[in-house]
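> Need the 3D shape of this:
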Amino acid sequence: MRLVKLGLISIVVLFVVIFCISLLIPSKVRISRAINITAPKDSVTHYLADLRQWPTWNTLITNQELANPWYSNNAFTSDKLQVRLSKADTDTITTIWQQTTGRETLSGFNLHTADNTIVVQWYFDFQLKWYPWEKFGSIIFDKQLGPPMEQSLGELKKKLETIPQ
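I've put the predicted structure just below:
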């Protein structure tokens, strides 16, 4: 009986310790990548704000797992993912990514002009719940999303810099 009590108390204490450590992880996580593109700002804005252009450069939505893709100028829909254009102006483009689970993630592009170059920053904002497994899971978001974001931005740069000015 003493061994069972010791086991139960150990499990409760371990859970409390893990929970307290998870409180140190922020509830809001931003994954961000940026690239410099030498192209007119209106061309960059057009490729980012028109979701019909995304299959030519965005590897996150051309994934083989996304069946039945449908594109319009302000939305992308598949069987597992929906992307909606929320806001588009000359310096900021905001989208909302919704999975089939109903969870929404805010994403967007910030455009900054420097000399003849446009700095395109692409970000994803994740709002996490208090669950310890969700907060610890957020540690790998950068490793999951970072490489496809970098590849997509590289494709966008290649596409825009080869368009005749």
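
> The strand or helix carrying Gly108: which residues count as buried?
Using DSSP states H and E, Gly108 falls within strand 104-114. Within strand 104-114, the residues that qualify as buried by neighbour count (16 or more other CB atoms under 10 Å) are Thr105, Ser107, Gly108, Phe109, Leu111. (Each C-beta comes from the backbone N, C-alpha and C, glycine too.)

> and those residues as TSV, adding distance to Glu65?
TSV is the format used below for the buried residues of strand 104-114 (distance: CB to CB, whole Å):
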residue	distance to Glu65
Thr105	17
Ser107	18
Gly108	23
Phe109	24
Leu111	30
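
> between the residues you listed, which is nearest Val44?
Leu111 (6.4 Å; CB to CB).

> Hmm, Ala88 and the closest one touching each other?
No. If you go by CB atoms under 8 Å, Leu111 and Ala88 don't touch, sitting 10.8 Å apart.

> Quickly list what's touching both of these two.
Thr45, Leu48 (CB atoms under 8 Å, 6 or more residues apart in numbering).

> so what's Glu134 up against?
By CB under 8 Å, 6+ apart, the residues touching Glu134 are Leu128.

> In three-state terms, label the spatially most central residue of the chain for me.
Geometric centre of the chain, nearest residue: Phe124, 3.4 Å, by CA atoms, centre = their mean. With DSSP: H, G, I helix; E, B strand; the rest coil as the basis, Phe124 sits in strand.

> Helices of the protein, start to end?
Here the chain has its helices, by DSSP state H, at 2-22, 41-49, 132-137, 141-161.

> Least confident of those, on average?
Sorting the helices of the chain by mean pLDDT places helix 132-137 lowest, at a mean of 82.

> if we can go back for a sec, which stretch among the helices of the chain comes nearest Val119?
Of all the helices of the chain, helix 41-49 comes closest under CB to CB, at 10.0 Å.

> Just the residues contacting the closest one, thanks.
Residues contacting helix 41-49 (CB under 8 Å, 6+ apart): 37, 53, 56-57, 85, 88, 90, 93, 109, 111, 113, 118, 120, 156, 159-160, 163.

> rewinding a little: show me what the strand holding Gly108 packs onto, helices and strands only.
Applying 3 or more CB pairs under 8 Å, 6 or more residues apart in numbering; DSSP states H and E, one finds that strand 104-114 makes contact with helix 41-49, strand 81-88, strand 92-99, strand 117-127.

> Can you list the buried residues in the last one?
Residues of strand 117-127 classed as buried: Ile118, Val120, Trp122, Tyr123, Phe124, Phe126 (neighbour count, 16+ other CB under 10 Å).

> Alright, I will stop here.
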